[in-house]
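Undergrad: structure of the sequence below:
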Amino acid sequence: QLAFQNRINSDKEFADAWDREIGRIEKEMLSNQIEKHLVPLDVYAYNYSVKKLLAFKAIIPLFGNHQKKNTDSKSSAETYVTTSDGKVTGIIDLIQESNDGIDIIDYKTGSILDKYSSDKPKDEYVLQIKIYAALYHDMHGEWPMKLMLIGINSEHFSIDVDSTECSNLLIQVKRTLDNINEQIEAGLQPEEFAQPSPEACLYCL
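TA: Numbers count the residues shown, from 1 in each chain. Next up is the predicted model:
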């Protein structure tokens with residue numbers, strides 16, 4: 001986010017920003033009984049140095065070539081969006097505003113590509129960012145010009161905005177929520193909602 005805001009343009013600026021963010025996070029963790037034993041992160045976080053290097057490599061392409069192209073551009077990080085009825089909400093990682101319009105950017109901590117295709121992003125990531133576009137429109141009455149997925153390994157994938165498709169996805173999400181609530185009110189037991197699978201249960205103890 002700092003790189004998109006043109007606040008990091010060198011390895012020195014990255015190192016300083018990294019140390020500030022790590023310090024802030026470690027301070028929060030020290031006040032948490034569950035997390036304080038994981039401080040310092042450079043000792044206890046898995047592959048700490050590798051993650052730092054990947055983060056640096058991910059933002060190198062942004063050095064000096066993003067906001068400088070348009071001095072009127074501005075960005076908003078971690079922006080809360082919701083429908084007017086409050087049924088569907090989300091937090092957009094970064095909204096980039098310029099004279100050309102709105103770009104919605106979503107960061108992922110791993111690869112954004114489908115494991116069966118080297119040139120296609122994961123369906124769930126595409127679905128999520130398209131719903132973000134519909135949520136933004138629902139709040140502000142304006143459609144974004146572009147949607148972008150960015151992975152930690154420098155993968156970038158731009159997605160065109162189809163307003164009809166995005167609107168229909170949001171309607172579908174609302175209908176799914178209504179359907180679940182109706183089943184709960186009808187007395188359906190929690191066990192009947194379960195969908196166990198190797199993928200769904202992979203990280204459960």
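
Undergrad: OK, contacts around the closest residue to residue 11 other than its chain neighbours?
TA: In space, and not counting its chain neighbours, residue 11 is closest to residue 56: 7.0 Å by CB to CB, 6 or more residues apart in numbering. For every residue, glycine as well, the C-beta is placed using N, CA and C. Residue 56 sits next to 11, 14, 18 when contact means CB atoms under 8 Å, 6 or more residues apart in numbering.

Undergrad: among those, who's most crowded?
TA: residue 14 (19 neighbours; other CB atoms under 10 Å).

Undergrad: where does that residue land on pLDDT?
TA: With respect to pLDDT, residue 14 scores 93.

Undergrad: what's the answer for the one 10 residues further on, then?
TA: Per-residue confidence for residue 24 comes out at a pLDDT of 95.

Undergrad: over to residue 70?
TA: The per-residue pLDDT reported for residue 70 equals 49.

Undergrad: measure the residue nearest to residue 11 to residue 12 for me?
TA: Counting by CB to CB, to the nearest Å, the gap between residue 56 and residue 12 amounts to 11 Å.

Undergrad: what's the burial count for residue 165?
TA: Using other CB under 10 Å, residue 165 is surrounded by 13 other residues.

Undergrad: same question, the one 4 residues further on
TA: The tally of other residues near residue 169 (other CB under 10 Å) stands at 17.

Undergrad: any idea how far residue 11 is from residue 46?
TA: Residue 11 sits at a distance of 24 Å from residue 46 (criterion: CB to CB).

Undergrad: sorry, that was for residue 95
TA: From residue 95 across to residue 46, the span is 31 Å (CB to CB).

Undergrad: please say which of those two ends up with more neighbours.
TA: Neighbours were counted for residue 95 and for residue 46 using other CB under 10 Å; residue 95 has more, 20 against 7.

Undergrad: tell me the buried residues in the helix or strand bottoming out on mean pLDDT in the chain?
TA: When each helix and strand of the chain is scored by mean pLDDT, DSSP states H and E, helix 48-59 comes last, with a mean of 82. By neighbour count on 16 or more other CB atoms under 10 Å, the buried set for helix 48-59 is 52, 54, 55, 58, 59.

Undergrad: what is the helix or strand just after that helix packed up against?
TA: Per DSSP states H and E, the first helix or strand lying C-terminal to helix 48-59 is strand 74-82. Here strand 74-82 touches strand 89-98, helix 123-140, going by 3 or more CB pairs under 8 Å, 6 or more residues apart in numbering; DSSP states H and E.

Undergrad: spit out the contact partners of residue 63.
TA: For residue 63, counting by CB under 8 Å, 6+ apart, the contacting residues are 3, 8, 9, 10.

Undergrad: which non-adjacent residue is nearest the last one?
TA: Looking back up the chat, that one is residue 10. For residue 10, ignoring the flanking residues on the chain, the nearest one in space by CB to CB, 6+ apart is residue 63 at 7.0 Å.

Undergrad: residue 9 belongs to a helix?
TA: No. Using DSSP: H, G, I helix; E, B strand; the rest coil, the secondary structure at residue 9 is coil, not a helix.
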